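Engineer: Give me a 3D structure for the following:
(one chain, ligands or ions: 1)
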Amino acid sequence: MRTPIDDFVRAYAASDRLRMHMPGHKGAGDVEAFDLTEVQGADSLYEAEGIIRESEENASTLFGAHTFYSAEGSSLCIRAMLYLAQLWAAREGKPLRVAAGRNAHKTFLSAVALLGAEVDWLSPPGESYLACPLTAEYVKTWLREHSATALYLTSPDYLGNTVDVGAIATVCRKHGVLLLVDNAHGAYLKFLPVSRHPMDLGADLCCDSAHKTLPALTGAAYLHVSKAAPDTLRTHAKAAMALFGSTSPSYLILASLDRVNRYLSEGYGERLAAFGAQKAALEEALVSHGFVTAGNEPLKLTVLPKSYGYTGTELAEYLRGRGIEPEFCDPDHLVLMLSPERSADLAPLRAALLSLPRKAPRSTQPPRLAALPQAVLTPREAILSPDEYLPAEACVGRVLASLTVGCPPAVPILVSGERIEPEHLPLFAYYGVTHLRVVKA
Ligand SMILES: Cc1ncc(COP(=O)(O)O)c(C=O)c1O
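Structural biologist: Modelled structure (predicted):
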C-alpha cells in the first residue's frame, strides 16, 4: 500500500527548500524537520483532494468504511459524530436525543453540552450504574418505552469489556435509531480473524484512536462512517471534523496514520491472531495460578488483584519495581495494554506476576450505588454556570459544574448538572476525590 503523506513529508524534509512558512522552527531539529504545515502539495485535511485523500482512501479500503483522519484523537471524532447525528436528526425534523451508556468518555459530555443535545442514561435496573453491562434485550425494552434519535455505546471500555454491538445494532435499526460507537480502544478489532469492529457489526458511526492500539503517534484517530449509513453522515463528515478541529493539523500525526495503512496491509491480521493465542495462554496461566482477570479483548490484560491479596495500586508499584509500567491502576483493577509487535514482553510480565507471593484476599469493595444521580440542570446549563471549587463534604445538595467526576476508569460517579447526595461521599473517599467544581449557590 502506498504512503503518499509520509513520502511527501520525508521528501520535503530531505529537500533544501527555504521554509518561509509556518511552523516557526523552520524544520530545524530531528523531529521538526518532518513537521510541516499545508504547503503546496501537502493537501489540506478538511478539503482533501491530494495525498491526504489518497491516504484516507487507503484507510477506507482497510476498514471497509468511509474513513476520515483525525490528528486530535477520538475526542475530535466524538464531537463530530454527535454533530453529524444532530444534522441527521434535524433532517428528520427531530431534536438530537441520545441514549448513552454511562461509561461514556467525558468528551461525550462536552459534545452534548456544546450541541445542547438531550441525554438519557442507559442503566439496567438492579445493576450498579458504575458498571455498564448493556445488552440488546435491555436496549430493546428501553427503546420500546422511550424515544431516542441516537444510541451511543462505548465498547471496548477502558477495562477491556465489550458489548454485543451487533445485536444492539439490529435493535437500533428496527427503531430507526442511529448507532454511534466509541471504539477508541478497538481500532485493531477490524483485523481479528473474525472482525469485531463496529463498522462490521452494524454501527452507523464510530471513532477509533489509532494511537491507543496501533503503532501510531498520540492523537492519531479515525472517524468511520458506515457504507450503509444515511448519506448525510458521509457528505458532512469533513465539515463536522472541521467544525471542532484545529486549522493546523499535525503532519507528524497524519504521516503516522499513513504509515499505519501499510503496516496494517502487510500481515497485521496474521500477527494479531498469533499474538491473541499467546496472550490467551498467558491469561490462562495467570488464572490457574490464582489471579482473577476481566475483559474480553486480546490487546488488554485486566487483573482484579484483590482476591490475590493486593490492590491494583500495589500491584502496579510491584510491576514498576520490575521495570513494567501499566496503563492504569486503581484499588480494584490493573490494566496492561499489549501489542502484537511486543510478544517478547509477555515473558517478563508472566515471570513477574507468577513470582508474586499470594496473600490473604482483600475484602474491601467500592461502595455500591444503584440509583442514577438526579439531573437538576442539563450538561450545557451546568458547564456554562458560574462555579466554585469546594471540598467534597461541602458539596452535598449542590450541582456538579465540571464535566464529570470520574471513578472506575471512565465511568463517572456524577456528570455535569447532577446533584451531589450524601451517598456519593463514600465513593469520593474511596477514589480519592477531595474537591469538586459545583454550580455557584
Ligand atoms: C473510551 C474512550 N473514548 C475516547 C477517548 C478519547 O480518545 P483520544 O485520547 O484519542 O482523544 C478515550 C481516551 O482515553 C477513551 O478512553
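Engineer: so what's Asp164 closest to, chain neighbours aside?
Structural biologist: Counting by CB to CB, 6 or more residues apart in numbering, Ala136 is the residue found nearest to Asp164 once chain neighbours are left out, at 5.8 Å. Using the backbone N, CA and C atoms, a C-beta is placed for each residue, glycine as well.
Engineer: Next up, the contacts around the one you found.
Structural biologist: Ala136 makes contact with 164, 167-168, 170-171, according to CB atoms under 8 Å, 6 or more residues apart in numbering.
Engineer: out of these, which is most surrounded?
Structural biologist: Counting neighbours by other CB atoms under 10 Å, Ile168 comes out on top of these with 27 neighbours.
Engineer: Wait, a helix at Leu87?
Structural biologist: Yes - secondary structure of Leu87 (DSSP: H, G, I helix; E, B strand; the rest coil): part of a helix.
Engineer: what about it, how many residues close to it?
Structural biologist: 18.
Engineer: Now Ser402. Nearest residue, chain neighbours left out?
Structural biologist: Arg437 (4.1 Å).
Engineer: so where does that neighbour fall, helix or strand?
Structural biologist: Using DSSP states H and E, Arg437 sits in strand 435-439.
Engineer: And that strand, what does it pack against?
Structural biologist: Where contact means 3 or more CB pairs under 8 Å, 6 or more residues apart in numbering; DSSP states H and E, strand 435-439 is packed against strand 387-391.
Engineer: Check which helices and strands the strand it packs on is in contact with.
Structural biologist: Partner elements for strand 387-391 (3+ CB pairs under 8 Å, 6+ apart): strand 435-439.
Engineer: Now the strand it packs on: average pLDDT?
Structural biologist: Here strand 435-439 scores 98 as its mean pLDDT.
Engineer: send the alpha carbons of it over as PDB?
Structural biologist: Provided in PDB are the C-alpha atoms of strand 435-439 (Å, rounded to 0.1, in the frame of the first residue of the first chain):
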ATOM      1  CA  HIS A 435     -12.700  18.600  45.800                       C
ATOM      2  CA  LEU A 436     -15.400  19.300  43.300                       C
ATOM      3  CA  ARG A 437     -16.400  22.100  41.000                       C
ATOM      4  CA  VAL A 438     -20.000  22.900  41.600                       C
ATOM      5  CA  VAL A 439     -22.600  25.500  40.300                       C
END
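Engineer: quick one: pLDDT of the residue nearest to Asp164?
Structural biologist: We have a pLDDT of 97 for Ala136.
Engineer: same thing with Arg350?
Structural biologist: 98.
Engineer: The residue in the chain that the ligand sits nearest to: neighbour count?
Structural biologist: As assessed by CB to the nearest ligand atom, the ligand sits closest to Gly73 within the chain, at 2.3 Å. If you count neighbours by other CB under 10 Å, Gly73 ends up with 20.
Engineer: thought it was touching Leu217?
Structural biologist: No - between Gly73 and Leu217 there is no contact under CB atoms under 8 Å: 10.7 Å.
Engineer: follow-up on the earlier one: and the strand holding Arg437, how far from the chain's centre?
Structural biologist: Between the centre of strand 435-439 and the centre of its chain there are 25 Å (CA atoms, centre = their mean, to the nearest Å).
Engineer: Next, the angle from it to strand 387-391.
Structural biologist: Angle of strand 435-439 versus strand 387-391, following axes from the mean of the first three to the mean of the last three CA atoms, to 10 degrees, is 150 degrees.
Engineer: Show me what secondary structure element comes after the helix or strand of the chain with the lowest mean pLDDT.
Structural biologist: In the chain, no helix or strand scores lower on mean pLDDT, DSSP states H and E than strand 404-406, which sits at a mean of 89. Later in the chain than strand 404-406, the nearest helix or strand by DSSP H and E is strand 412-415.
Engineer: how about the residues of this structure near the ligand?
Structural biologist: For the chain, the residues in contact with the ligand (CB under 6 Å from any ligand atom) are 73-75, 105, 107, 154, 158, 182, 184-185, 209, 221, 410.
Engineer: ok so, going back, got a list of contacts for the strand holding Arg437?
Structural biologist: For strand 435-439, contacts defined as CB under 8 Å, 6+ apart pick out 377, 382, 385-392, 395, 398-402, 405, 420, 428.
Engineer: centroid residue for this protein?
Structural biologist: Among the residues of the chain, the one closest to the centroid is Ala184, at 3.1 Å (CA atoms, centre = their mean).
Engineer: which element is that residue on?
Structural biologist: Applying DSSP H and E as the criterion places Ala184 outside every helix and strand.
Engineer: Can you tell me how far it is from Lys300?
Structural biologist: 12 Å (CB to CB, to the nearest Å).
Engineer: for Gly309, same thing?
Structural biologist: Applying CB to CB, the value for Gly309 to Lys300 is 23 Å.
Engineer: Would you mind telling me which of the two has more residues around it?
Structural biologist: Ranked by neighbour count (other CB under 10 Å), Gly309 and Lys300 place Lys300 first, with 25 against 16.
Engineer: what sits against the residue nearest to the more buried one when sequence neighbours are not counted?
Structural biologist: Excluding the flanking residues, the one nearest Lys300 by CB to CB, 6+ apart is Gly160, at 3.5 Å. The neighbours of Gly160, taking CB under 8 Å, 6+ apart as the test, are 185, 294-297, 300-302, 335.
Engineer: Which pLDDT value goes with Leu178?
Structural biologist: Note on Leu178: pLDDT of 98.
Engineer: so it makes contact with Asp204?
Structural biologist: Yes - under the criterion of CB under 8 Å, Leu178 makes contact with Asp204 at 4.8 Å.
Engineer: okay, and the common contacts of the two?
Structural biologist: Common neighbours of Leu178 and Asp204 (CB under 8 Å, 6+ apart) are 229-230.
Engineer: domain parsing for the chain?
Structural biologist: Domain assignment for the chain by automatic domain parsing gives 4-265, 270-354, 379-439.
Engineer: Any chance of the ones you listed in JSON lines with distance to Ser363 as columns?
Structural biologist: Shown next, in JSON lines, are the domains of the chain (distance: least, CB to CB, whole Å):
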{"stretch": "domain 4-265", "distance to Ser363": "17"}
{"stretch": "domain 270-354", "distance to Ser363": "8"}
{"stretch": "domain 379-439", "distance to Ser363": "14"}
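Engineer: Is Tyr129 part of a helix or strand, or is it coil?
Structural biologist: coil.
Engineer: Next, it: phi, psi?
Structural biologist: Backbone torsions of Tyr129, given as degrees, to the nearest 10, read phi -70, psi -10.
Engineer: where does it land on pLDDT?
Structural biologist: 80.
Engineer: ok, for it, nearest residue in space, not its chain neighbours?
Structural biologist: Closest residue to Tyr129 in three dimensions, ignoring its sequence neighbours and counting by CB to CB, 6+ apart: Ser123, at 4.6 Å.
Engineer: show me what contacts that neighbour?
Structural biologist: Applying CB under 8 Å, 6+ apart to Ser123 gives the contacts 102, 129, 372.
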